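Enquirer: here is a sequence with its predicted model. Questions after.
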Amino acid sequence: IDVPLLRRQVHESAIEKESLEMECKVLRVTVNKAASLNIVLQEKVQPLMERILGLTDQLKAMEAEQDAIIEQAKKQDNEMKNSLRVRERMLEAVNNQVKETLELSENHRIMTVETAMKQKAVFAEQLDHM
(Lines give C-alpha, C1' and ligand atoms only; values in the text may rest on other atoms or scores of the structure.)
Protein backbone atom coordinates (compact mmCIF):
# COMPACT_ATOMS: atom_id res chain seq x y z
CA ILE A 1 0.00 0.00 0.00
CA ASP A 2 1.33 3.37 -1.03
CA VAL A 3 0.76 5.47 2.11
CA PRO A 4 1.99 8.79 0.70
CA LEU A 5 -0.41 8.34 -2.22
CA LEU A 6 -3.25 7.58 0.17
CA ARG A 7 -2.38 10.62 2.32
CA ARG A 8 -2.34 12.83 -0.75
CA GLN A 9 -5.71 11.42 -1.86
CA VAL A 10 -7.15 11.96 1.64
CA HIS A 11 -5.77 15.49 1.68
CA GLU A 12 -7.19 16.21 -1.78
CA SER A 13 -10.54 14.73 -0.73
CA ALA A 14 -10.53 16.94 2.37
CA ILE A 15 -9.81 20.02 0.25
CA GLU A 16 -12.53 19.00 -2.20
CA LYS A 17 -14.94 18.41 0.73
CA GLU A 18 -14.23 21.92 2.09
CA SER A 19 -14.68 23.37 -1.34
CA LEU A 20 -18.03 21.58 -1.73
CA GLU A 21 -19.15 22.67 1.74
CA MET A 22 -18.33 26.30 0.87
CA GLU A 23 -20.23 25.92 -2.37
CA CYS A 24 -23.21 24.50 -0.43
CA LYS A 25 -23.11 27.47 1.97
CA VAL A 26 -23.02 29.87 -0.97
CA LEU A 27 -25.96 28.04 -2.58
CA ARG A 28 -27.92 28.12 0.70
CA VAL A 29 -27.34 31.86 0.98
CA THR A 30 -28.37 32.28 -2.66
CA VAL A 31 -31.50 30.18 -2.13
CA ASN A 32 -32.38 32.18 1.01
CA LYS A 33 -31.87 35.46 -0.83
CA ALA A 34 -33.97 34.20 -3.73
CA ALA A 35 -36.72 33.14 -1.32
CA SER A 36 -36.61 36.55 0.36
CA LEU A 37 -36.73 38.30 -3.00
CA ASN A 38 -39.60 36.06 -4.04
CA ILE A 39 -41.54 37.04 -0.91
CA VAL A 40 -40.80 40.74 -1.53
CA LEU A 41 -41.83 40.40 -5.16
CA GLN A 42 -45.04 38.60 -4.19
CA GLU A 43 -45.80 41.36 -1.70
CA LYS A 44 -45.34 43.94 -4.45
CA VAL A 45 -47.00 41.94 -7.22
CA GLN A 46 -50.10 41.00 -5.23
CA PRO A 47 -51.42 44.58 -4.90
CA LEU A 48 -50.62 45.18 -8.55
CA MET A 49 -52.54 42.08 -9.57
CA GLU A 50 -55.48 43.16 -7.41
CA ARG A 51 -55.35 46.62 -8.99
CA ILE A 52 -55.26 45.08 -12.48
CA LEU A 53 -58.29 42.93 -11.65
CA GLY A 54 -60.09 45.98 -10.27
CA LEU A 55 -59.30 47.99 -13.39
CA THR A 56 -60.40 45.08 -15.57
CA ASP A 57 -63.73 44.98 -13.75
CA GLN A 58 -64.09 48.75 -14.14
CA LEU A 59 -63.32 48.47 -17.84
CA LYS A 60 -65.93 45.73 -18.28
CA ALA A 61 -68.50 47.84 -16.43
CA MET A 62 -67.66 50.86 -18.60
CA GLU A 63 -67.95 48.76 -21.75
CA ALA A 64 -71.35 47.46 -20.61
CA GLU A 65 -72.46 51.03 -19.87
CA GLN A 66 -71.20 52.15 -23.27
CA ASP A 67 -73.08 49.30 -24.95
CA ALA A 68 -76.26 50.32 -23.10
CA ILE A 69 -75.80 53.94 -24.21
CA ILE A 70 -75.26 52.83 -27.81
CA GLU A 71 -78.41 50.67 -27.68
CA GLN A 72 -80.41 53.58 -26.24
CA ALA A 73 -79.06 55.89 -28.95
CA LYS A 74 -80.03 53.34 -31.63
CA LYS A 75 -83.56 53.13 -30.19
CA GLN A 76 -83.86 56.93 -30.11
CA ASP A 77 -82.53 57.12 -33.67
CA ASN A 78 -85.12 54.59 -34.85
CA GLU A 79 -87.87 56.43 -32.97
CA MET A 80 -86.82 59.72 -34.58
CA LYS A 81 -86.71 58.11 -38.03
CA ASN A 82 -90.19 56.65 -37.49
CA SER A 83 -91.45 60.01 -36.27
CA LEU A 84 -89.97 61.70 -39.34
CA ARG A 85 -91.64 59.15 -41.61
CA VAL A 86 -94.99 59.79 -39.92
CA ARG A 87 -94.50 63.56 -40.27
CA GLU A 88 -93.53 63.17 -43.92
CA ARG A 89 -96.71 61.14 -44.56
CA MET A 90 -98.81 63.70 -42.71
CA LEU A 91 -97.19 66.54 -44.66
CA GLU A 92 -97.76 64.66 -47.90
CA ALA A 93 -101.43 64.15 -46.96
CA VAL A 94 -101.80 67.86 -46.13
CA ASN A 95 -100.11 68.80 -49.40
CA ASN A 96 -102.46 66.49 -51.29
CA GLN A 97 -105.46 68.05 -49.52
CA VAL A 98 -104.21 71.54 -50.39
CA LYS A 99 -103.75 70.51 -54.04
CA GLU A 100 -107.25 69.01 -54.11
CA THR A 101 -108.68 72.14 -52.49
CA LEU A 102 -106.85 74.35 -54.99
CA GLU A 103 -108.07 72.19 -57.88
CA LEU A 104 -111.65 72.32 -56.57
CA SER A 105 -111.33 76.06 -56.04
CA GLU A 106 -109.99 76.51 -59.57
CA ASN A 107 -112.75 74.29 -60.98
CA HIS A 108 -115.32 76.27 -59.02
CA ARG A 109 -113.89 79.55 -60.29
CA ILE A 110 -113.95 78.26 -63.87
CA MET A 111 -117.53 77.09 -63.45
CA THR A 112 -118.49 80.43 -61.90
CA VAL A 113 -116.89 82.33 -64.79
CA GLU A 114 -118.59 80.03 -67.32
CA THR A 115 -121.92 80.45 -65.55
CA ALA A 116 -121.47 84.22 -65.44
CA MET A 117 -120.60 84.27 -69.14
CA LYS A 118 -123.67 82.18 -69.93
CA GLN A 119 -125.84 84.46 -67.82
CA LYS A 120 -124.32 87.45 -69.56
CA ALA A 121 -125.02 85.88 -72.94
CA VAL A 122 -128.61 85.12 -71.89
CA PHE A 123 -129.03 88.62 -70.55
CA ALA A 124 -127.52 90.12 -73.69
CA GLU A 125 -129.86 87.99 -75.77
CA GLN A 126 -132.82 89.15 -73.70
CA LEU A 127 -131.72 92.75 -74.18
CA ASP A 128 -131.49 92.20 -77.90
CA HIS A 129 -135.06 90.90 -77.96
CA MET A 130 -136.42 93.88 -76.15
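Expert: Received it, and whenever you're ready, just let me know what you need.
Enquirer: show me where this structure has its helices.
Expert: Using DSSP state H, the helices of the chain run over 3-129.
Enquirer: Leu91: neighbour count?
Expert: 10 (other Cβ atoms under 10 Å). In this view, the C-beta of every residue, glycine as well, is placed from N, C-alpha and C.
Enquirer: Glu79 versus that one, what's the distance?
Expert: With distances defined as Cβ to Cβ, to the nearest Å, the gap from Leu91 to Glu79 amounts to 18 Å.
Enquirer: what's the answer for Ile69, then?
Expert: In this view, Ile69 and Glu79 are 15 Å apart by Cβ to Cβ.
Enquirer: please apply the same query to Ala35.
Expert: Distance of Ala35 to Glu79, given as Cβ to Cβ: 65 Å.
Enquirer: same check, this time on His129
Expert: Distance from His129 to Glu79, by Cβ to Cβ: 74 Å.
Enquirer: ditto for Glu18
Expert: When Glu18 is compared with Glu79 (using Cβ to Cβ), they lie 89 Å apart.
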